[in-house]
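any chance you could fold what I've pasted below:
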Amino acid sequence: MITSSAEQPAQPPAGPRRRARTAAVALAVALAALATAAPAQAGATRPAPHAHQALPALTPRAETPPLYDDEAGGNADADDPAIWRNAADPGRSLVVATAKEGGLRVYDLDARQVQSVAAPSGPAPGDAPGRFNNVDLVQGLALPSGPADLAVTSDRGNDRLRFYRIDGSAKARRANAPLTDVTDPAAPPVFSASQQEINDQRTAYGLATWTDRTTKRSYALVSRRETTRVALLELLPAANGTVGYRKVRTLDLPSAFRLPNGRTWTPCGEPGELPQVEGMVVDPADGTLYAGQEDVGIWRLRADLTSKPELIDRVREYGVPGTYDEGTEECVPGADPGYGGSRLTADVEGLALITEADGDGYLLASSQGDNTFAAYDREKSDDNEYEGGFRVTAASATLDGSEECDGAAALNAPLGPQYPRGLLVVQDGDDTPQAGGREATGFKFVDLGRVLDALDD
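Just a heads-up that it's a prediction; the model follows:
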């Protein structure tokens, strides 16, 4: 069932999500084994196992310094990037990226760190600390000092949005401080009704921004962790130069699905958890929201949350029953009925949009379970037809590719001599080589021109 409403009471909290990130990979491997053991039912779209290996392999041009999610590394875990273009000097554009409890990182086009912004602490000892999950940009928001570009991030730890004004001036570069916090201190929790509910971490998770071309008002779309809920928030500049927000409405995507065999399927997960949304992006031309429900597929709907969502593609695991194992904290899959898609392996993660002046372009989706990226036609008239895919693989022994990708961002505009045809930034959830056996994450910078050439072939 899909429900939409104005601001609603928050749902009761559940325990923190504990499912290992490797669960999706394990399920994909099991599905491949099932696909070779028995044929799918009639009408199935299951591809041959490992068919993704035929996809083009692209190599990154640069990578950020590794981030370590341990005490010595500041509990920093790379997640989601956004690309800010310096219109006055495109070669000095910036990448703003989340590092969860490590806050924000700002990089130049050589992938060198320019600035580190700490996540705020919890309001009291023992409360959940700040944890920046996703980031997106708003251009030209009207502040009292004049139009400003902002980086907006979902603070999953405190269940709030935070806002940072972007300054690309020479003065800011000399100070290594392009970001300035302009968050309204009175900004309320997005979903939670109490600090205890915030501490349970069923909080603000995925994020996408949108400016309505008709009204010129700017919004953020925010998903709620471990639920199917998405909220529309209007951004509100204040007279003192800070930015807050108000909730306009919410929408709940389905958590159960009727299959062609008449059965009802619910994606397997820890008891009490619903299939959550994280990766989201809005097409600025017509206000279309694309939302990735991690264990289900990609939804298309109006960014104002007033239309019926359409599922434009499904993950391979769609319809596969599963049993949650408390011991391993993973799902054990049953027999595959063959109702899944053929391009995405759960989880569906980072979504990015490649826009072109003539209205063409691509929707990119990170297929985390098999370390690939799928590309769909941006045009809804073609029903967002699948156009191909690619992998990001190692360029050398010291510059690896992207695995278990959480987030991605693309900008189809000249960015100086390094990226004359634009830039794609993808998260790497398994950065190598690893120093001293420490697990690391980071971001890879890929020439967008090579991506477009691969998709156009």
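
can you tell me the SS state at residue 453?
Taking DSSP: H, G, I helix; E, B strand; the rest coil as the rule, one finds residue 453 in the helix state.

for residue 83, see how far away it is.
19 Å (C-beta to C-beta, to the nearest Å). (Each C-beta comes from the backbone N, C-alpha and C, glycine too.)

show me what contacts residue 62?
Contact analysis of residue 62 by C-beta atoms under 8 Å, 6 or more residues apart in numbering lists 109-111, 399, 444-445.

try 6 Å
By C-beta atoms under 6 Å, 6 or more residues apart in numbering, the contact set of residue 62 is 111, 445.

of residue 453 and residue 83, who's got more company?
Remark: of residue 453 and residue 83, residue 83 carries more neighbours, 25 against 13, as counted by other C-beta atoms under 10 Å.

the nearest residue to the more buried one once chain neighbours are set aside: neighbour count?
In this structure, residue 83 finds its nearest non-sequential neighbour in residue 411, 4.2 Å apart by C-beta to C-beta, 6 or more residues apart in numbering. Other residues within reach of residue 411, judged by other C-beta under 10 Å, total 23.

wait, residue 411 touches residue 82, no?
No. Using C-beta atoms under 6 Å, residue 411 is not in contact with residue 82; the gap is 9.1 Å.

which secondary structure element is home to residue 248?
Using DSSP states H and E, residue 248 falls within strand 243-252.

need the helices for the stretch 51-200 of the chain, in chain order.
For the stretch 51-200 of the chain, applying DSSP state H, counting those that start in this stretch gives helices covering 170-174, 195-199.

what sits up against the first one?
For helix 170-174, the external contacting residues (C-beta under 6 Å, 6+ apart) are residue 178.

give me the buried positions along that helix.
172-173 (16 or more other C-beta atoms under 10 Å).

what's the distance between that helix and the middle of its chain?
Helix 170-174 sits 30 Å away from the centroid of its parent chain (C-alpha atoms, centre = their mean, to the nearest Å).

burial count for the closest residue to residue 219 other than its chain neighbours?
Excluding the flanking residues, the one nearest residue 219 by C-beta to C-beta, 6+ apart is residue 210, at 4.9 Å. By the criterion of other C-beta under 10 Å, residue 210 has 24 neighbours.

so residue 210 sits right up against residue 217, yeah?
No. Look at residue 210 against residue 217 with C-beta under 6 Å: they stay out of range, at 9.3 Å.

which residues does residue 95 bridge with?
residue 83, residue 107 (DSSP bridges).

could you give the number of residues near it?
Residue 95 is flanked by 23 other residues according to other C-beta under 10 Å.

and what of residue 338?
Neighbours of residue 338 under the rule other C-beta under 10 Å: 21.

next one: residue 96
Counted by other C-beta under 10 Å, the residues lying close to residue 96 total 28.

from what I can see it touches residue 82, true?
Yes. Counting by C-beta under 6 Å, residue 82 is a contact partner of residue 96 at 5.0 Å.

quick one, longest strand in this structure?
strand 132-143 (DSSP state E).

low pLDDT regions in the protein?
1-53 (pLDDT under 70).

in it, which residue is closest to the centre?
Closest to where the C-alpha atoms of the chain average out (C-alpha atoms, centre = their mean) is residue 279, at 3.1 Å.

now that one: how far from residue 195?
Distance from residue 279 to residue 195, by C-beta to C-beta: 28 Å.

who's in contact with residue 246?
So residue 246 contacts residue 234 (C-beta under 6 Å, 6+ apart).

and if you look at residue 321?
Per C-beta under 6 Å, 6+ apart, neighbours of residue 321: residue 334.

can you report how many residues lie near residue 163?
25.

kindly apply the preceding question to residue 249 instead.
By other C-beta under 10 Å, neighbour count at residue 249 equals 16.

is it bridged to anything, and to what?
residue 232.

I'd say it and residue 232 touch.
Yes. Between residue 249 and residue 232 there is a contact at 5.3 Å, judged by C-beta under 6 Å.

give me the common contacts of those two.
Common contacts of residue 249 and residue 232 (C-beta under 6 Å, 6+ apart): residue 305.

pull out the buried residues from stretch 259-274.
Neighbour count says stretch 259-274 has 265, 267-270, 273-274 buried, by 16+ other C-beta under 10 Å.

select from those residues every entry located in strands.
Per DSSP E, the buried residues of stretch 259-274 map to strands at residue 265.

between the buried residues of stretch 259-274, which sits nearest residue 417?
Nearest to residue 417 among the buried residues of stretch 259-274, counting by C-beta to C-beta, is residue 267 at 45.8 Å.

apart from its neighbours in sequence, what residue is nearest the closest one?
Closest to residue 267 by C-beta to C-beta, 6+ apart is residue 295, at 3.8 Å.

what residues are up against that neighbour?
When contacts are counted by C-beta under 6 Å, 6+ apart, residue 295 is found next to 267, 275, 346.

hmm, 10 Å instead?
Residue 295 is in contact with 23-24, 27, 266-269, 274-276, 315, 317-318, 320, 322, 331, 346-348, counting by C-beta atoms under 10 Å, 6 or more residues apart in numbering.

what about stretch 127-135, start to end distance?
Stretch 127-135 has its terminal residues 23 Å apart, counting by C-alpha to C-alpha, to the nearest Å.

I'd say residue 65 and residue 440 touch.
Yes. The criterion here is C-beta atoms under 10 Å, and residue 65 meets it with residue 440 at 9.3 Å.

those two: which has the busier surroundings?
Neighbours per residue (other C-beta under 10 Å) separate residue 65 from residue 440, with residue 440 holding more: 22 against 13.

next one: residue 354 from residue 366, what distance?
Taken as C-beta to C-beta, the span from residue 354 to residue 366 is 14 Å.

which one's more surrounded, the two?
Each of residue 354 and residue 366 has its neighbours counted (other C-beta under 10 Å); residue 366 has more, 28 against 20.
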